[in-house]
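Trainee: From the sequence below, what's the structure:
(chains A and B)
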Amino acid sequence: DAGVIQSPRHEVTEMGQEVTLRCKPISGHDYLFWYRQTMMRGLELLIYFNNNVPIDDSGMPEDRFSAKMPNASFSTLKIQPSEPRDSAVYFCASSPKTARGPDTQYFGPGTRLTVL
Amino acid sequence: DQQVKQNSPSLSVQEGRISILNCDYTNSMFDYFLWYKKYPAEGPTFLISISSIKDKNEDGRFTVFLNKSAKHLSLHIVPSQPGDSAVYFCAANPGTYKYIFGTGTRLKVLA
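Mentor: Next up is the predicted model:
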């Protein structure tokens, strides 16, 4: 079975450019999460969706960041305009729903973003 | 205001010995804790979890201990193997649908 798929794996762009990161969750999973990993803050949750609806975007750093989930099999995280401090590894994760809440989260391989 | 703290950024252990990774949290409402392991160029993968109604959970070479009064949990790996070399993230779940992760501890197991 395919896991969570992210593209691109690496992205190098110049400051001011728009960046779009893509994610395909595991089929049948109800929850989708976007994380950012940095040395200083570890894994930070940016936003998560339940059944394609954004539930909590309190982790989105600022208005330059936006995320969408147009259907159950696709999500995007967009940064516009990008800045050097956005350089990080961005992970997408998905999770099924259990009676208690979402089960453990399954992470994609990440997108390493470098903004020059 | 890190709610989940891993104060040791790195740890080196000899092969065959015990590795102990520590994690502290600040919110007593957290009721479920997890450890994830991450290899370079890969996403984190789930390793082991523990509910707040327990103080220990064991899975093979991996054991997680929870001390609720101290708001502290630890992951023990016995015996440590070179393949265990990775970054380990502690995460807490406050009963909602999201996890709060720590900054990670890089474990190096020396052969």
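Trainee: show me where pLDDT drops low in chain B?
Mentor: Low-confidence segments of chain B (pLDDT under 70): B:1.
Trainee: Contact residues of it facing chain A?
Mentor: Residues of chain B lying close to chain A by C-beta under 8 Å from any C-beta of the partner chain are B:2, B:6, B:34, B:36, B:41-46, B:49, B:89, B:91, B:93, B:95-104. In short, each C-beta sits where N, CA and C put it, glycine included.
Trainee: residues near the residue lying closest to B:Lys108 once chain neighbours are set aside, how many?
Mentor: In this structure, B:Lys108 finds its nearest non-sequential neighbour in B:Ser12, 4.7 Å apart by C-beta to C-beta, 6 or more residues apart in numbering or on different chains. Here the count is done by other C-beta atoms under 10 Å in any protein chain shown, and B:Ser12 has 11 residues near it.
Trainee: Repeat that for the one 10 residues further on.
Mentor: Here the neighbour count serves as a burial measure; for B:Asn22 (other C-beta under 10 Å) it reads 17.
Trainee: Surely it touches B:Ser8?
Mentor: Yes. Contact criterion C-beta atoms under 8 Å: B:Asn22 and B:Ser8 qualify, at 6.5 Å.
Trainee: how far is stretch A:72-92 from where the chain is centred?
Mentor: For stretch A:72-92, the separation from the chain centroid amounts to 6 Å (computed by C-alpha atoms, centre = their mean, to the nearest Å).
Trainee: okay, how far is it across that stretch, tip to tip?
Mentor: 14 Å (C-alpha to C-alpha, to the nearest Å).
Trainee: Distance check, the residue nearest to B:Lys108 against A:Lys68.
Mentor: Here the distance between B:Ser12 and A:Lys68 works out to 43 Å (C-beta to C-beta, to the nearest Å).
Trainee: again, but for B:Lys98
Mentor: Distance, B:Lys98 to A:Lys68, by C-beta to C-beta: 19 Å.
Trainee: same check, this time on B:Ile53
Mentor: The spacing between B:Ile53 and A:Lys68, counted by C-beta to C-beta, is 38 Å.
Trainee: Now do the same contact list for B:Val78.
Mentor: Contacts for B:Val78 (C-beta atoms under 8 Å, 6 or more residues apart in numbering or on different chains) come out as B:Ile18, B:Ser19, B:Arg61, B:Thr63.
Trainee: Spatially nearest residue to the most centrally placed residue in chain A, not counting backbone neighbours?
Mentor: The residue lying closest to the centre of chain A (C-alpha atoms, centre = their mean) is A:Trp34, at 2.8 Å. Leaving aside its sequence neighbours, A:Trp34 sits nearest to A:Leu46 (C-beta to C-beta, 6+ apart; 4.5 Å).
Trainee: How many neighbouring residues does residue 96 have?
Mentor: With no chain named, the answer covers chain A. 14.
Trainee: not what I meant, chain B
Mentor: Using other C-beta under 10 Å, B:Thr96 is surrounded by 13 other residues.
Trainee: got the phi/psi numbers for it?
Mentor: According to degrees, to the nearest 10, the main-chain angles of B:Thr96 amount to phi -100, psi -160.
Trainee: so who does A:Leu43 touch?
Mentor: So A:Leu43 contacts A:Tyr35, A:Arg36, A:Gln37, A:Phe91, B:Pro44, B:Phe89, B:Ala91, B:Phe101, B:Gly102, B:Gly104 (C-beta under 8 Å, 6+ apart).
Trainee: at 10 Å instead, please
Mentor: Applying C-beta atoms under 10 Å, 6 or more residues apart in numbering or on different chains to A:Leu43 gives the contacts A:33, A:35-37, A:89, A:91, A:93, A:107, B:4, B:36, B:38, B:44, B:87, B:89, B:91, B:99-104.
Trainee: No further queries at this time; thank you.
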